[in-house]
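A.B. asks: sequence isn't available, so here's the structure alone:
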């Protein structure tokens with residue numbers, strides 16, 4: 001069984017765009033960039049700001065992520081502070097830690113199952 005297909009095929013980028021179409025342009029940019037962070041990995045708020053071409057907007061990135069209307073679809077929990085600290089999370093830092101740990105474990109299972117699918 002290929003767990004990767006089941007886990008990764010949630011909503012397409014096109015479907016996410018439809019969900020966030022009425023949000024301010026900056027928030028849309030941030031959310032679409034965060035969707036590119038791979039499962040089980042993290043990036044910094046600074047990385048997000050630089051990746052969208054606005055390197056001085058690190059705090060604004062944090063504010064946008066705090067307004068994420070779809071935290072289980074747009075993985076804002078994958079964004080942490082530049083020094084490695086978790087930073088905030090609308091659902092609580094413990095939930096953020098749990099989700100990150102869960103994704104790391106899931107990624108190892110997915111990699112194993114992907115190897116079996118070959």
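C.D. replies: That came through, no problem. Treat the numbers as computed from the prediction; the structure is a model and nothing was measured. Numbers count the residues shown, from 1 in each chain.
A.B. asks: any idea how far residue 108 lies from residue 98?
C.D. replies: 16 Å (Cβ to Cβ, to the nearest Å). Using the backbone N, CA and C atoms, a C-beta is placed for each residue, glycine as well.
A.B. asks: could you report the distance from the residue nearest the centre of the chain to residue 56?
C.D. replies: For the chain, the residue nearest the mean C-alpha position is residue 75 (2.7 Å; Cα atoms, centre = their mean). The gap separating residue 75 from residue 56 is 24 Å, by Cβ to Cβ.
A.B. asks: and residue 28, by the same measure?
C.D. replies: 19 Å.
A.B. asks: compare the two and say which is more crowded by neighbours.
C.D. replies: residue 28 (17 against 8; other Cβ atoms under 10 Å).
A.B. asks: correct me, but that one touches residue 22?
C.D. replies: No: taking contacts as Cβ atoms under 8 Å, residue 28 lies outside contact range of residue 22: 9.4 Å.
A.B. asks: if I look at residue 13, how far off is residue 73?
C.D. replies: Taking Cβ to Cβ, one finds residue 13 at 11 Å from residue 73.
A.B. asks: and for residue 53?
C.D. replies: 24 Å.
A.B. asks: of the two, who's got more company?
C.D. replies: Each of residue 53 and residue 73 has its neighbours counted (other Cβ under 10 Å); residue 73 has more, 16 against 8.
A.B. asks: helices and strands around the single longest helix found in the chain, which ones?
C.D. replies: Longest helix in the chain by number of residues (criterion: DSSP state H): helix 93-117. If you count contacts as 3 or more Cβ pairs under 8 Å, 6 or more residues apart in numbering; DSSP states H and E, helix 93-117 packs onto helix 3-8.
A.B. asks: hmm, try it at 10 Å
C.D. replies: The elements that helix 93-117 packs onto, with contact taken as 3 or more Cβ pairs under 10 Å, 6 or more residues apart in numbering; DSSP states H and E, are helix 3-8, strand 79-80.
A.B. asks: comparing those, which yields the minimum mean pLDDT?
C.D. replies: Mean pLDDT is lowest for helix 3-8 among the helices and strands packed on helix 93-117, at a mean of 44.
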